[in-house]
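Trainee: Return atomic coordinates for the entry below.
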Amino acid sequence: MNISNESSGFRIAHLSDTHISPEYNRFNIVKLKNLLSFIVDDRYDHVVITGDVTGHAEWRDYRSIRRLLKYFGLLEYEKLSVTIGNHDIFGGVHRAEDLLSFGKHCRDTNYHQKIELFERTFAETFPVKAFPNESPFPYVKIVGPVALVGMNSIAKFHALRNPVGSNGYVSSAQIGAVTRILRHPSIEELKKIALIHHHFNRYEPYADSISERVYSLFEARTLKLRRRRQVEDVFRENKVDLVLHGHTHIEGIYSRSGITYSSTALNPVRSRIDSHHDVDRLRFNEISILDNGLIETRKHRVAVHSRGSSSKTLDKRFS
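Mentor: Below is the predicted model:
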């Protein structure tokens, strides 16, 4: 299955927060398979996944997502770009009894080892490093008319600033490296698109009960990106055209200080088409770089009948 769009322009499918975990969230494998099948059949030029690719950062999670991407022929430099999310390092809470011990789990996680596992899993999609021990982030890839700049926004564990691993941080060293990349003459004429996991808009989840509001306040304090303004300044000063991210699971396309942001997540929107059938509408955003140089962004939802997520249809090859 090849991705080679025959129409004018260059199209990117932006996915995020796929949370693949055969142990804790098996049906996300089916959902992502359905979504990738649509994307490949519709002949997109490139696919971007902006973090939380796995659900629990375990080797089985990484094995499953690798098998799935390989099945669709996407494990190639020209076809796929990925950046890392907090679940790809620290995992997440999947059972109520794990909630109280999750902080200790984050503290005991080997941050750099998890980054190495992420890099090995998607090795074919990363640029060649100048030095063996060099961090894979930030990176720059030139694909078609676009320079894709991948960043790591995941903060290390800190008992006060990052107690559950979900807050973000971009170091001065990474900000400096991104600045040098964006100012390099080789990408001056290209469209500049930054890939990062953490969000830049205000986190305002919908909540219609007191318990949900309390939980939302907790999430708002543990879903922050420190140094956000410095990162935005770098984007704005170096004329970044678009920033792709995930993290909040809130889909949207918004602007801040002249920069357009694309936010999305796999988790479906369910709707009823008649009295007997429900449909899951899987989400991704489409970015089109037109022949005239303009960039168009739009939210995309793919309808999948909910019966397609039954245990009988779960493909064991990706578990």
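Trainee: Only C-alpha atoms from now on, for both contacts and neighbour counts.
Mentor: OK.
Trainee: Phi first, then psi, for residue 262.
Mentor: phi -120, psi 120 (degrees, to the nearest 10).
Trainee: I figured it hits residue 250, correct?
Mentor: No. Counting by Cα atoms under 8 Å, residue 262 does not reach residue 250; the two are 10.2 Å apart.
Trainee: you'd agree residue 160 is in a strand?
Mentor: No. Assessed with DSSP: H, G, I helix; E, B strand; the rest coil, residue 160 is coil; it does not lie in a strand.
Trainee: What segments of this structure are helices?
Mentor: Applying DSSP state H to the chain gives helices spanning 27-41, 59-71, 102-108, 111-121, 172-182, 210-221, 228-237.
Trainee: what's near enough to touch residue 58?
Mentor: residue 91 (Cα atoms under 8 Å, 6 or more residues apart in numbering).
Trainee: Residue 262 and residue 250: which has the busier surroundings?
Mentor: residue 262 (25 against 17; other Cα atoms under 10 Å).
Trainee: what residues are up against the more buried one?
Mentor: 242-245, 251-254, 285, 297.
Trainee: ok now stretch 60-73, how far from the chain's centre?
Mentor: Put simply, stretch 60-73 sits 15 Å off its chain's centre (Cα atoms, centre = their mean, to the nearest Å).
Trainee: that older thread, least reliable of the helices of the chain going by mean pLDDT?
Mentor: Lowest mean pLDDT of these: helix 210-221, a mean of 51.
Trainee: since we're on the closest residue to residue 109 other than its chain neighbours, how many residues are nearby?
Mentor: The shortest distance from residue 109 to any non-neighbouring residue, by Cα to Cα, 6 or more residues apart in numbering, is to residue 90 (6.5 Å). By the criterion of other Cα under 10 Å, residue 90 has 29 neighbours.
Trainee: Can you pull the phi and psi angles for the closest residue to residue 93 other than its chain neighbours?
Mentor: Distance criterion Cα to Cα, 6+ apart; nearest residue to residue 93, sequence neighbours excluded, is residue 99 at 6.1 Å. Backbone dihedrals for residue 99, given as degrees, to the nearest 10, come out at phi -60, psi -50.
Trainee: Run a quick neighbour tally on the closest residue to residue 161 other than its chain neighbours.
Mentor: Distances taken as Cα to Cα, 6+ apart place residue 167 nearest to residue 161, at 7.5 Å, with adjacent residues excluded. Residue 167 has 25 neighbouring residues, counting by other Cα under 10 Å.
Trainee: now residue 124
Mentor: So residue 124, with other Cα under 10 Å, has 16 neighbours.
Trainee: residue contacts, it?
Mentor: Contacts of residue 124 (Cα under 8 Å, 6+ apart): 75-77.
Trainee: could you dump the residues you listed to a markdown table with distance to residue 224?
Mentor: Shown next, in a markdown table, are these (distance: Cα to Cα, whole Å):
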| residue | distance to residue 224 |
| --- | --- |
| 75 | 31 |
| 76 | 32 |
| 77 | 31 |
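Trainee: Which of those lies at the shortest distance from residue 15?
Mentor: Nearest to residue 15 among the contacts of residue 124, counting by Cα to Cα, is residue 75 at 15.1 Å.
Trainee: Apart from its neighbours in sequence, what residue is nearest residue 268?
Mentor: residue 282 (4.5 Å).
Trainee: try residue 34
Mentor: The spatial neighbour of residue 34 that comes closest, neighbours along the chain excluded (Cα to Cα, 6+ apart), is residue 304 at 7.4 Å.
Trainee: Kindly state the beta-bridge partners for the most centrally placed residue in the chain.
Mentor: Among the residues of the chain, residue 50 comes closest to the average C-alpha position under Cα atoms, centre = their mean, at 1.9 Å. Residues in a beta bridge with residue 50, per DSSP bridges, are residue 83.
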